[in-house]
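J.: Provided below are the primary sequence and the corresponding predicted coordinates.
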There are 2 protein chains.
Amino acid sequence: MASVMLTDCSSSTTAAALLLRSSRYRVRHSVLHSLRSMPLQFAPVKPILLRTTATINHASASPSIVTAAMAAETSAKIIDGKSIAKQIRDEITVEISRMKDTVGVVPGLAVILVGDRKDSTTYVRNKKKACESVGINSYEVHLPEDSTEQEVLKHISGFNDDPSVHGILVQLPLSSHMNEQNILNSVCIEKDVDGFHPLNIGRLAMRGREPLFVSCTPKGCIELLHRYGVDIKGRRAVVIGRSNIVGTPAALLLQREDATVSVVHSRTNNPEEITRQADIIIAAVGQANMVKGSWIKPGAVIIDVGINPVEDAKSAKGYRLVGDVCFEEACKIASAITPVPGGVGPMTIAMLLSNTLSSAKRMHNYK
Amino acid sequence: MASVMLTDCSSSTTAAALLLRSSRYRVRHSVLHSLRSMPLQFAPVKPILLRTTATINHASASPSIVTAAMAAETSAKIIDGKSIAKQIRDEITVEISRMKDTVGVVPGLAVILVGDRKDSTTYVRNKKKACESVGINSYEVHLPEDSTEQEVLKHISGFNDDPSVHGILVQLPLSSHMNEQNILNSVCIEKDVDGFHPLNIGRLAMRGREPLFVSCTPKGCIELLHRYGVDIKGRRAVVIGRSNIVGTPAALLLQREDATVSVVHSRTNNPEEITRQADIIIAAVGQANMVKGSWIKPGAVIIDVGINPVEDAKSAKGYRLVGDVCFEEACKIASAITPVPGGVGPMTIAMLLSNTLSSAKRMHNYK
């Protein structure tokens, strides 16, 4: 974990807006890794009906009034990412077993890790474990922090040419002396399971085009909406944050599904007012508890991508993890919300596995 | 011209909203061709100050009330695209002359036209004339309607390899038996002066990436805002329409300039309400007079991309051209507006010339 912040839900709205302004580029690379949709075979869980008539006149309520008023409200449905991710991993396990039995192909994922950042090492270890659990072969290259860009490129080139590798993932952030753009661009687009290649982003943005892969975290967000039966078409959606790996692809995905999308970012003058118009909120800004109750339209569905450590003396570790949305306030106003942890987080690796499987299927023309 | 519509400003707002719903994919390919920004050497014209305090309480006014109330208002500033395009072409002429004298290079633009559509033939002829007027060499291939896709691809390949060609433009629409996507993808990205390649769109969408070219019409829209000194950063912008060639890149460009952008499209439930929040409106839906006075926030700046023929018995041709915005109403509410014709239209070819010059400069490493 990097720094531990003191921000909690009691911070004023103005302070939260200022936080947004100062939070550019905060979304953590490390929690964000990529879903190529596989055919979804599970029946969705009980659909969430967006509450269209508010029970609180919320528009001008201050956070404290909201908190008081909310006490009488029923709580939002919790969107259980952990459970959905488990379902998806079970589906993938079955698919991989079937594929191996039918055509003898086992999907393979290669991960390149540079340096010894504790969080990156943990994420890579978790990815390897997740691969093993579903039957994906994993290959890892761990290079020292002071490796050259050429060394990284050489390994990527090797994986590009290796037919047993169907997905290549470069763990971010890279060492500061490396050109991230060069390195990510060198992953061949057919193996770009992270969906970070600009050609994939371009196809995602364009009508009538299909990306080969969609970044795991935003695709995981949409998958949660799908599996919970949330209607997207025609809905107002607000994405908070415009990073290349979450905010921008999430907005493009929502627009592909016919939502009317607004993107709120660090230069937005009135994020609270705009967010309050949303039926669906995806918060991906990396700021603890930034979105207060007063930002939320009653009945909205909230997908909280943030994973932020805040000081907590009661915890053995001295901190706990919270999202970008003030959960205590939001869960009394929204109709559904993802928890942190246990919401979007588990979906990211599930989507990476799904993308790797899809890639292997495509390469071997296996349906 | 395709069909002539009867729609005029007197249509009801509801009817206009329905028109949006039925107007998917209406934006005409033929009016839309690509600006790679060249260094802008002209001083901007007098800046437009967005009126932030409205003189009419407009939120709930019906179109007819608005029309009456507006009579007392001063008219919007007219954003003179014809004049700005002329300035840009003059700048390009000077640059090309300097480049020829210094390094002996003359930019070249190749145009591929398939079939004999009257509008396409006119556009190609206008592009050739525009090239000649600034000193760009133009090359044209005119293929019969029943040509094969392979023939088109062969010509593109030839132009891709030809060092005297710095930009390749495939006039759209192509014959229906051809795969537009294959053909556009075959234009090498270094010569994609139309900016239609998904790699260019992807780079446009991503922070920290730069497209080689930006599609001419959306870039022309932003250029008009720049040259008229319209502040974009932090402003609410609404783009109406989400086509690959105008709406989507226009939204991405506005977001790159730190506007807070919402995209309104055929599935948007309340386009009027959302559009009324905008400080800047870019209308690119191809529906005559769809945006009424009641859709517009007083003081907004309006860029109207539509070029729609409507019946006009007084005109010798039997029709006249109007935009997507009801000009008569809008010009009394907005602070500035592009006319149709004479607004965005002339900018498109100017931007194509600019992109071609930029391409030649880049290929010859000439500043």
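T.: Yep, that arrived.

J.: which parts of the stretch 101-250 of chain A are strands?
T.: All strands of the stretch 101-250 of chain A, identified by DSSP state E, counting those that start in this stretch, fall at A:108-114, A:137-143, A:167-170, A:236-240.

J.: could you do the stretch 251-367 of chain A as well?
T.: Under DSSP E, counting those that start in this stretch, the stretch 251-367 of chain A gives strands at A:260-264, A:280-283, A:301-304, A:308-311, A:319-322, A:336-337.

J.: re the thing from before, as CSV, the strands of the stretch 101-250 of chain A with mean neighbour count, distance to A:H226 and mean pLDDT would be great.
T.: (C-beta placed from N, C-alpha, C; glycine too.) What follows is these, written out as CSV (neighbours: other CB atoms under 10 Å in any protein chain shown; distance: least, CB to CB, whole Å; pLDDT from 0 to 100):
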stretch, mean neighbour count, distance to A:H226, mean pLDDT
strand A:108-114, 24, 24, 97
strand A:137-143, 17, 27, 97
strand A:167-170, 28, 22, 97
strand A:236-240, 29, 14, 98
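
J.: looking at chain A, which helix or strand is least sure?
T.: helix A:63-70 (a mean of 37; mean pLDDT, DSSP states H and E).

J.: show the subsequent helix or strand relative to that helix.
T.: strand A:77-78 (DSSP states H and E).

J.: direction included, what does that next one pair against?
T.: Paired strands of strand A:77-78, with direction, are strand A:336-337 (parallel) (DSSP bridges).

J.: please work out the average pLDDT along the partner strand.
T.: On average, the pLDDT along strand A:336-337 is 98.

J.: who's in contact with the residue of the stretch 51-200 of chain A found nearest chain B?
T.: With CB to the nearest CB, the shortest gap between the stretch 51-200 of chain A and chain B falls at A:P198, namely 3.3 Å. Shown in contact with A:P198 (CB atoms under 8 Å, 6 or more residues apart in numbering or on different chains): A:185, B:199, B:202-203, B:205-206, B:209.

J.: ok, 6 Å please
T.: Counting by CB atoms under 6 Å, 6 or more residues apart in numbering or on different chains, A:P198 touches B:199, B:202-203, B:206, B:209.

J.: the strands of the stretch 251-367 of chain A into TSV, with extra columns for mean neighbour count?
T.: What follows is those, written out as TSV (neighbours: other CB atoms under 10 Å in any protein chain shown):
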stretch	mean neighbour count
strand A:260-264	27
strand A:280-283	29
strand A:301-304	28
strand A:308-311	18
strand A:319-322	19
strand A:336-337	24
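
J.: for those, which one sits closest to B:G104?
T.: Among those, the nearest to B:G104 by CB to CB is strand A:260-264 (46.0 Å).

J.: and that closest one, what does it pack against?
T.: strand A:236-240, helix A:247-256, helix A:271-275, strand B:260-264 (3 or more CB pairs under 6 Å, 6 or more residues apart in numbering or on different chains; DSSP states H and E).

J.: surely A:A259 meets A:V238?
T.: No - counting by CB atoms under 6 Å, A:V238 is not a contact partner of A:A259; they are 9.6 Å apart.

J.: circling back to that earlier point, can I get the strands of the stretch 101-250 of chain A in a markdown table with distance to B:R362?
T.: Converted to a markdown table, those look like this (distance: least, CB to CB, whole Å):
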| stretch | distance to B:R362 |
| --- | --- |
| strand A:108-114 | 32 |
| strand A:137-143 | 34 |
| strand A:167-170 | 28 |
| strand A:236-240 | 33 |
